[in-house]
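**Student:** 3D, please:
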Amino acid sequence: MNAPVPLSSLPLVLTLFDAAVCAGFPSPAADYAQRRINLNEHLLVNEQASFLFRVRGLSMIGIGIYDGDTLIVDRSITPAHNHIVLAIVDEEFTVKRLYRRGSDVRLLAENPAYPPIVLKEGQELRIWGVVTFNLHKLLNV
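**Tutor:** Next up is the predicted model:
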């Protein structure tokens, strides 16, 4: 099992333009204010409890998590029904949607080709953390 990668405590600051980007018809050009934002403040709920994980596999493509994506996982958030979680099943990490209703607990894939994970007698499930962001690379450079 690979060890989690802690995030740097150094701020990562980028420029944020104060303008919405149209995904439909473009609007006329205008002067837009800009400001600097710290991505740690924007992306992290709890900096000390946040870790990065690289995704392997296709079980979560239905919600836009693809092979090679990087997930931000926060260990300080209490996992709840319907959260996307990083779980450990039989000492293997997996990312799935948590289904928890009463004593019925299972892990659901977001790809119909993958069946739900329903624990069998003797299997161990640990919820390692809650996924808060998916960093999806759009261009291979």
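**Student:** so where do the helices sit in the protein?
**Tutor:** 39-43 (DSSP state H).
**Student:** Val118 reaches Arg106, doesn't it?
**Tutor:** Yes. In this structure Val118 lies within contact range of Arg106 using CB atoms under 8 Å: 4.9 Å. The C-beta positions use only the backbone N, C-alpha and C, and glycine is treated the same way.
**Student:** okay, those two: which has more neighbours?
**Tutor:** Higher neighbour count among Val118 and Arg106: Arg106, with 16 against 12, using other CB atoms under 10 Å.
**Student:** contact partners for that one?
**Tutor:** Tyr99, Pro116, Ile117, Val118, Leu119 (CB atoms under 8 Å, 6 or more residues apart in numbering).
**Student:** give me the low-pLDDT residue ranges for this structure?
**Tutor:** 1-34, 37 (pLDDT under 70).
**Student:** mind redoing it with 80?
**Tutor:** For the chain, the stretches with pLDDT under 80 are 1-48, 139-141.
**Student:** all strands for it, in order.
**Tutor:** Counting by DSSP state E, one finds strands in the chain at the ranges 5-6, 13-17, 34-38, 50-54, 70-74, 84-89, 92-101, 104-108, 117-118, 125-135.
**Student:** for Gly57, see how far away Leu86 is.
**Tutor:** Note on Leu86: its distance to Gly57, by CB to CB, to the nearest Å, is 13 Å.
**Student:** of these two, who's got more company?
**Tutor:** Leu86 (22 against 15).
**Student:** now for that one: which residues touch it?
**Tutor:** For Leu86, counting by CB under 8 Å, 6+ apart, the contacting residues are Phe53, Leu71, Val73, Phe93, Thr94, Val95, Ile127, Trp128, Gly129, Val130, Val131.
**Student:** verify the stated contact: Val89 with Trp128.
**Tutor:** No. Using CB under 8 Å, Val89 is not in contact with Trp128, being 10.5 Å away.
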